[in-house]
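*Asks:* everything below, folded, please.
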Amino acid sequence: DLSILELNHGVFQVLATNGNTRLGGDDLDKRLVDFLIGRIKASGGPDLTDQSAIGNRQSAILPLLSRLREAAEAAKIRLSTETDVEIALPFLTPDFSFSYKLTRDELERLTRDIVERTRQHCLRSLGDAKLEAKQLDQVILVGGQTRMPLVRRLVSEWFACAEFEEERGSLRLGDSFHERTGPMLNTSQNPDEAVALGAAIQAGILSGGFKNMLLLDVTPLSLGIETFGGLMNAIIPRNSTIPIKAGEVFTTAVDHQREMLIHVLQGERERAADNWSLGKFPVAFERAPRGVPRVGVQFEIDANGILHVLARDLKTGAQQVVEMKSAVDVADTEVQRMVEESVEHAFEDLAARRWIEAKLKAQEVLTAAQTGLAECAAELESVYREQVEAAILDLTAALATEQSATHPGDLNRLKSAHAALDAATQPLADVLMDKAMEAMLRQRGAIG
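*Replies:* Residues are numbered from 1 along each chain as shown. Alright, predicted model coming up:
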């Protein structure tokens with residue numbers, strides 16, 4: 001788990017968070033246990049992965065595995081300060097005892113790939129915070145597994161840290177220090193107690209015991225609403241500092257709508273259906289042609305993490321306010337799953353958004369061309385009318401290449417057909433403009 005924070009006069013502002021709840025010291029323990037199980041079997045001992053090897057009784061194998069896990073964890077811990085340890089497990093069975101000399105180098109070879117999986121989360125958090133490693137002052141290690149020399153070396157490499165010491169006192173680091181050596185790898189805290197101490201301080205802040213400190217958290221995922229075409233429009237991006245307030249103005253896409261359904265979403269995907277639905281509510285307004293009504297939507301997250309969604313008809317001032325309490329309090333595993341899915345499906349999601357946006361624009365032009373052609377077919381020269389009709393057919397065919405909501409059509413063909421219809425309708429637009437001018441002049445009595 002990784003957080004990037006900025007401290008300024010007692011205010012701790014979270015700039016970004018990232019991590020993997022399924023990655024930690026237990027993974028290293030399991031890797032070492034699996035290795036030792038192999039060594040035990042190779043030494044003529046029981047196969048601890050095979051129930052039948054020990055009387056086919058699960059109750060017989062579990063105590064042996066428990067002893068092995070305890071010995072593996074103890075060896076891993078000792079190798080943070082020693083270069084080799086002797087793992088001894090006497091009488092695993094009545095006629096078999098096991099011992100093995102494990103070195104620090106061997107442990108690091110076994111577990112290096114697990115530790116290196118942390119790197120991607122470090123890089124993502126820097127990207128989310130819009131920072132480079134050299135802009136950090138300190139990298140503070142928390143949690144017992146950070147005692148492992150391999151962890152410290154790799155973290156120091158990833159963040160381009162300076163040579164670290166156990167104690168740095170009150171050393172103040174300036175820009176010139178960063179240019180020379182990078183941030184400090186801070187190992188002065190007891191990694192086993194740091195989380196508990198932080199929780200105690202935060203409890204003191206919430207209860208009013210600490211008056212000179214404040215923690216500004218961030219939104220774990222983006223918040224927004226569903227827009228026409230089934231896309232998500234993010235209003236508050238992921239990793240925004242709370243409290244926060246943001247909003248946008250939306251309009252209608254269909255003539256004579258009487259209300260707009262506000263569908264509140266949370267997530268990182270482009271399509272609304274792939275994100276989490278937090279709720280829906282309607283906002284009523286007067287019937288009008290599409291594009292005329294204006295509805296302001298405002299999201300506000302207070303210091304307690306409660307989301308208030310306000311939707312207001314800008315013409316009448318009528319509004320709806322809905323409170324949602326689950327917008328910030330999201331399980332780490334769920335946040336991680338959503339972020340991983342957004343990365344995994346990034347290209348197909350972007351392709352879907354581009355297609356939907358292009359499709360909506362094309363449909364708007366297609367409707368306008370069909371309406372204009374029906375109105376002015378007689379006034380338009382036959383050669384131009386045939387060009388418009390052909391372009392309409394081409395654009396309709398391009399739109400039909402869409403297989404489903406999850407399988408966009410041929411975007412290049414759609415854009416080409418859209419551009420061709422734009423060009424073909426220029427003479428039609430001229431005729432429509434002439435008719436509109438003539439009607440206006442007749443209304444004013446300028447012509448008979």
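*Asks:* roughly how far does residue 16 sit from residue 240?
*Replies:* Using Cβ to Cβ, to the nearest Å, residue 16 is found at 10 Å from residue 240. In short, each C-beta sits where N, CA and C put it, glycine included.
*Asks:* joint contacts of those two?
*Replies:* Taking Cβ atoms under 8 Å, 6 or more residues apart in numbering as the contact rule, the neighbours common to residue 16 and residue 240 are residue 218.
*Asks:* which one is residue 146 nearest to, not counting chain neighbours?
*Replies:* The shortest distance from residue 146 to any non-neighbouring residue, by Cβ to Cβ, 6 or more residues apart in numbering, is to residue 191 (5.0 Å).
*Asks:* where along the stretch 201-350 of the chain do the strands fall?
*Replies:* 214-216, 223-227, 231-236, 244-250, 259-266, 276-284, 295-301, 307-313, 319-324 (DSSP state E, counting those that start in this stretch).
*Asks:* my read: residue 162 touches residue 184, true?
*Replies:* Yes - Residue 162 lies in contact with residue 184 (Cβ atoms under 8 Å); the separation is 5.5 Å.
*Asks:* tell me which of the two has more neighbours.
*Replies:* Set residue 162 next to residue 184 and count neighbours by other Cβ atoms under 10 Å: residue 184 wins out with 24 against 19.
*Asks:* identify the bridge partners of the more buried one.
*Replies:* residue 138 (DSSP bridges).
*Asks:* against residue 138, how distant is it?
*Replies:* Separation of residue 184 from residue 138 (Cβ to Cβ) stands at 5 Å.
*Asks:* what does residue 409 give?
*Replies:* Distance of residue 409 to residue 138, given as Cβ to Cβ: 51 Å.
*Asks:* before we move on, what about residue 64?
*Replies:* Distance, residue 64 to residue 138, by Cβ to Cβ: 44 Å.
*Asks:* same check, this time on residue 411
*Replies:* 47 Å.
*Asks:* can you get me a residue count around residue 10?
*Replies:* A count of nearby residues for residue 10, using other Cβ under 10 Å, gives 10.
*Asks:* likewise for residue 43?
*Replies:* Residues near residue 43, counting by other Cβ under 10 Å, number 12.
*Asks:* surely it touches residue 97?
*Replies:* No - using Cβ under 8 Å, residue 43 is not in contact with residue 97; the gap is 9.7 Å.
*Asks:* where in the stretch 301-448 of the chain is pLDDT low?
*Replies:* Within the stretch 301-448 of the chain, the stretches with pLDDT under 70 are 326-327, 446-448.
*Asks:* need the single longest helix in the chain, by residues.
*Replies:* Looking across the chain with DSSP state H, the single longest helix is helix 346-376.
*Asks:* between that one and strand 223-227, how big is the angle?
*Replies:* 30 degrees (axes from the mean of the first three to the mean of the last three Cα atoms, to 10 degrees).
*Asks:* in helix 346-376, what's buried?
*Replies:* 349, 352-353, 355-356, 358-359, 362-363, 365-366, 369, 372-373, 376 (16 or more other Cβ atoms under 10 Å).
*Asks:* distance from the chain centre to it, please.
*Replies:* Mean-position distance between helix 346-376 and its chain equals 29 Å (Cα atoms, centre = their mean, to the nearest Å).
*Asks:* for stretch 208-221, same thing?
*Replies:* 22 Å.
*Asks:* outline the domain layout of the chain.
*Replies:* Taking automatic domain parsing as the criterion, the chain consists of the domains 25-109, 117-186, 223-328, 346-444.
*Asks:* between the two ends of the third one, how far is it?
*Replies:* For domain 223-328, the first-to-last residue distance is 10 Å (Cα to Cα, to the nearest Å).
*Asks:* residue boundaries of the helices in the stretch 51-200 of the chain?
*Replies:* For the stretch 51-200 of the chain, the helices defined by DSSP state H, counting those that start in this stretch occupy 58-78, 104-116, 119-129, 149-158, 175-181, 194-207.
*Asks:* can you name every helix or strand that the first one contacts?
*Replies:* It refers to helix 58-78. Secondary-structure packing of helix 58-78 (3 or more Cβ pairs under 8 Å, 6 or more residues apart in numbering; DSSP states H and E): helix 25-42, strand 84-93.
*Asks:* can you check which of the ones you listed gets nearest to residue 300?
*Replies:* Closest to residue 300 of the helices and strands packed on helix 58-78 is helix 25-42 (Cβ to Cβ; 39.6 Å).
*Asks:* quick check: which of the domains of the chain is nearest to residue 337?
*Replies:* Residue 337 lies closest to domain 223-328 among the domains of the chain, at 10.2 Å (Cβ to Cβ).
*Asks:* from the middle of its chain, how far away would the closest one be?
*Replies:* Its chain's average C-alpha position is 19 Å from that of domain 223-328, according to Cα atoms, centre = their mean.
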